[in-house]
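1. predicted model, plus sequence, below.
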Amino acid sequence: MDQRDWDKALKLFEQAIDTRMVPGVAAACGVRERVLWKTVQGWAQIEGGRRALQEDTRFDLASLTKVMSTLPSILVLASQGQISLEDPVSRYLSAFQDSRWDQVTLRHLLTHSGGLVSHRNYYETRQGLDAYLAAIASEPWDAEPGTQVSYSDLGFITLGAVVEAVSGTTLDRFAQDMVFGPMGMEAGFRPEESIRPTCAATEMVEGTVLCGLVHDENARAIGGVAGHAGLFGTLDAVSRYAMAWTGVHSPLSPAARRVALRQYTTGLNGRRGLGWVLPGDSYDVGGDLWPDTGAGHTGFTGTSLQFDPVSGIWAVLLTNRVHFGRGTNINPLRRRFHNIVMAILG
């Protein structure tokens, strides 16, 4: 493999930056525990003052929080025998004591088939996790549990609360102790004030650009630590996490990883593992060449992670596309990058 093989990816990203699709790009790919290529180019911030993107810039990972923090935390608890994925959510959270919640299992929530709607603007009227759980518990079902895939932030907010209820500590602390720390990941919630100015800037809000403060309004209203969003991390951190799903060095057992990548929504309107988006799902951005054995996830701010446990190939693409507003669709960019990766490494 020659470095010149990656010129197409470099040109792809240069064009995306030049046309203001994204301010900057940090990307990497490899096989199992090897990083075979990476690039960092463009800007961490443009509006309100230009800052060049650096290799150690922390990105707001948005919904990668679901699969990098909440999912592994749930899998760790299951591996410790503290929970079963077939347990109803009502077993762990006092807000969910209405008998209808006895029908909704942790597996339902992990596969986005728990009957909850995708999103609510609770931040307009509520603050704090307890207020959010009370609101979620009172939501009417969008569909009977187990009958429809509806990608739901509300379900993962609930799962984050389950982690806290069972572990007896906060989600950020549990994830740090059981996932990020053991893997040497520069990742975490609520970046310290000293490093916030160095984070990749997201959206301009009321004349002030968000740097180091979570972009998702509901996560901000909860306090910055939530099961669906709030995690910040570097290119190296997300790459290490991808390696943990393709290699042998992982805080998660092979059995836990294997069960997470099963297809649980056969016959429904989506293809979902535990947390992970599987090929053929409407949220899949793996591209045309990614194997059917692969999985991935995206984040609203412009982040994504894709991997295949069989070949060991993985790819990470981090951008701060919402810096220019929320209207730009970068899924074609993601798919084209993944095509290049698989054409070279596959």
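-> Done, it's in. Numbering: from 1, shown residues only.
2. show me where the stretch 101-250 of the chain has its strands.
-> 187-189, 204-205, 208-209, 231-233 (DSSP state E, counting those that start in this stretch).
3. distance from the second one to the middle of the chain?
-> Right, strand 204-205. Between the centre of strand 204-205 and the centre of its chain there are 22 Å (C-alpha atoms, centre = their mean, to the nearest Å).
4. same check, this time on the last one
-> Relative to the chain's own centre, strand 231-233 is displaced by 9 Å; criterion: C-alpha atoms, centre = their mean.
5. direction included, what does that strand pair against?
-> In the sheet, strand 231-233 lines up against strand 59-60 (antiparallel), strand 187-189 (antiparallel) (DSSP bridges).
6. quick one on the thing from earlier: select, out of the strands of the stretch 101-250 of the chain, the one closest to Met68.
-> strand 231-233 (5.9 Å; C-beta to C-beta). Just so you know, the C-beta spots here come from the backbone N, C-alpha and C atoms, and that holds for glycine as well.
7. give me the helices and strands touching the strand or helix carrying Arg258, please.
-> Element membership for Arg258 (DSSP states H and E) is helix 254-260. Counting contacts by 3 or more C-beta pairs under 8 Å, 6 or more residues apart in numbering; DSSP states H and E, helix 254-260 packs against helix 71-79.
8. run through who's touching the helix holding Arg258.
-> Under the contact criterion C-beta atoms under 8 Å, 6 or more residues apart in numbering, helix 254-260 has outside partners 71, 75-76, 78-79, 245, 250, 273-276, 309.
9. for those, point out the one with the lowest pLDDT.
-> When the contacts of helix 254-260 are sorted by pLDDT, the bottom entry is Ser250 at 92.
10. give me the neighbour count for that residue.
-> For Ser250, the count of nearby residues is 20 (other C-beta atoms under 10 Å).
11. wait, it sits on Ala244?
-> Yes: with contacts counted by C-beta atoms under 8 Å, Ser250 reaches Ala244, the gap being 3.9 Å.
12. where do the contact lists of these two overlap?
-> Both Ser250 and Ala244 are contacted by Met183, under the criterion C-beta under 8 Å, 6+ apart.
13. once you drop chain neighbours, what's closest to the residue nearest the centre of the chain?
-> The centre of the chain sits closest to Leu64, judged by C-alpha atoms, centre = their mean, with a distance of 0.9 Å. Sequence neighbours aside, Gly299 is the residue nearest to Leu64 in space, at 4.5 Å (criterion: C-beta to C-beta, 6 or more residues apart in numbering).
14. please report phi then psi for that neighbour.
-> Gly299 has phi and psi values of phi -130, psi 140 when expressed as degrees, to the nearest 10.
15. now do the contacts for it.
-> 60-65, 229 are the contacts of Gly299 under C-beta under 8 Å, 6+ apart.
16. please apply the same query to Leu154.
-> Taking C-beta under 8 Å, 6+ apart as the test, what Leu154 contacts is 116-120, 136, 139, 228.
17. so in the protein, where's the weakest helix or strand by average pLDDT?
-> strand 204-205 (a mean of 88; mean pLDDT, DSSP states H and E).
18. list the contacts of that strand.
-> Contact with strand 204-205 is made by 47-48, 210, 323, as judged by C-beta under 8 Å, 6+ apart.
19. just the buried ones from those residues, in ChimeraX syntax?
-> Selection of buried members from these for ChimeraX, criterion 16 or more other C-beta atoms under 10 Å:
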select :210,323
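20. can you give me the buried ones in the helix holding Arg258?
-> Residues of helix 254-260 classed as buried under the neighbour-count rule (16+ other C-beta under 10 Å) are 256-257, 259-260.
21. need the max-distance pair from these.
-> Farthest pair in those (C-beta to C-beta) is Arg257 and Val259. Separation: 7.5 Å.
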